[in-house]
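Novice: Next come a sequence and a model predicted from it.
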Amino acid sequence: MTAPAGKAHRLKACATGAVGLKACATSGVTLIELLIAISLLSLLSVGMLMALRVGLNALEKANSKLMANRRAVSTQRILESQIAGLIPVGADCPANLPGGRPIRVLFFEGQPQSMRFVSAYSLEEAARGYPRILEFQVIPGEQDRGVRLIVNETLYSGPLSAGASCLGLFPDPVQGGGIAPRFRPVEPGPHSFVLADRLAFCRFFYKEKLPPLLPESWLPEWRRSRWPEAVRVEMAPLEPDPSRVPLATLTVPIYVNKRLDVRYTDSSN
């Protein structure tokens, strides 16, 4: 007799009472054993779900910290490349007299909370594209919590495009009665790019070139008729976190010695 036939014969014998109760009881699973098995399976499933949840939360936190560190490093690298790529150009500022010809001045605006110049490095094309007019501005942060640093990029096509933001030449008491260009305020717009956000403060300083024996001089506002020797950007995060890379102070030298009042020619011709 085969196994299925033997099992069917035993079940029939248990149903008719041909065999004893002890023989019939050993052929099934009790309710208590079934409940214990279901409980163990439920506890095992809950433990596996908790382990997966803890692992996913740890992965999300590690990923957010990694992205924040990359963003901080990228911000400093972009700022350094933009300032170091400064191009010494002039701007045709309109004359204050009616019908007067535009006057070419050095195109560089340096304020404590804003900065404007032409650079060979841009966010759209990096160092491979056309020169851009960069306009930096520190504005209030979201819900007036801290500040953020934004930049506007405009294609530079010549002194006229640089002079489009110039309001004219006005007397400057800092230069001993001389005149200095005055530019329009930098305004945020839909095309403004946020370089750094959630900052406690952000300000610019400009290094003046002095003889070697004199100490360094950093000015909060640049009104000289020459280029600064370096630019320092002081930043600090609004909520410091020791586990993340902070936005620290950045000092970028400017290797420019060109003068607008000197005409340069090729000596080989």
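Specialist: Structure's in. What do you need?
Novice: okay, CA-based contacts and neighbour counts for the rest of this
Specialist: OK.
Novice: how many neighbours does the closest residue to residue 131 other than its chain neighbours have?
Specialist: Excluding its sequence neighbours, the residue lying closest to residue 131 (Cα to Cα, 6 or more residues apart in numbering) is residue 120, at 4.7 Å. Under the neighbour criterion other Cα atoms under 10 Å, residue 120 is assigned a count of 22.
Novice: and if you look at residue 191?
Specialist: Burial measure for residue 191: 9 neighbouring residues, criterion other Cα under 10 Å.
Novice: Is it correct that it is in contact with residue 150?
Specialist: No. The criterion here is Cα atoms under 8 Å, and residue 191 misses it with residue 150 at 10.0 Å.
Novice: Run through the residues that contact the residue nearest to residue 131.
Specialist: Applying Cα atoms under 8 Å, 6 or more residues apart in numbering, one finds that residue 120 lies in contact with 82, 85, 86, 87, 126, 127, 129, 130, 131, 132.
Novice: May I have the beta-bridge partners of the last one?
Specialist: Here residue 132 shows beta-bridge partners residue 119, residue 155, assigned using DSSP bridges.
Novice: check contacts around it.
Specialist: By Cα under 8 Å, 6+ apart, the contact list for residue 132 reads 118, 119, 120, 121, 122, 153, 154, 155, 156.
Novice: can you put those residues in TSV and add distance to residue 69 and pLDDT?
Specialist: Output for the contacts of residue 132, formatted as TSV (distance: Cα to Cα, whole Å; pLDDT from 0 to 100):
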residue	distance to residue 69	pLDDT
118	28	95
119	26	94
120	26	93
121	22	93
122	22	90
153	25	94
154	29	93
155	31	93
156	32	94
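Novice: how about the helices in the stretch 151-269 of the chain?
Specialist: Along the stretch 151-269 of the chain, the stretches classed as helices by DSSP state H, counting those that start in this stretch are 159-163.
Novice: Phi, psi for residue 66 please.
Specialist: Residue 66 has phi and psi values of phi -60, psi -40 when expressed as degrees, to the nearest 10.
Novice: Repeat that for the one 4 residues further on.
Specialist: Reported as degrees, to the nearest 10, the phi and psi values for residue 70 are phi -60, psi -40.
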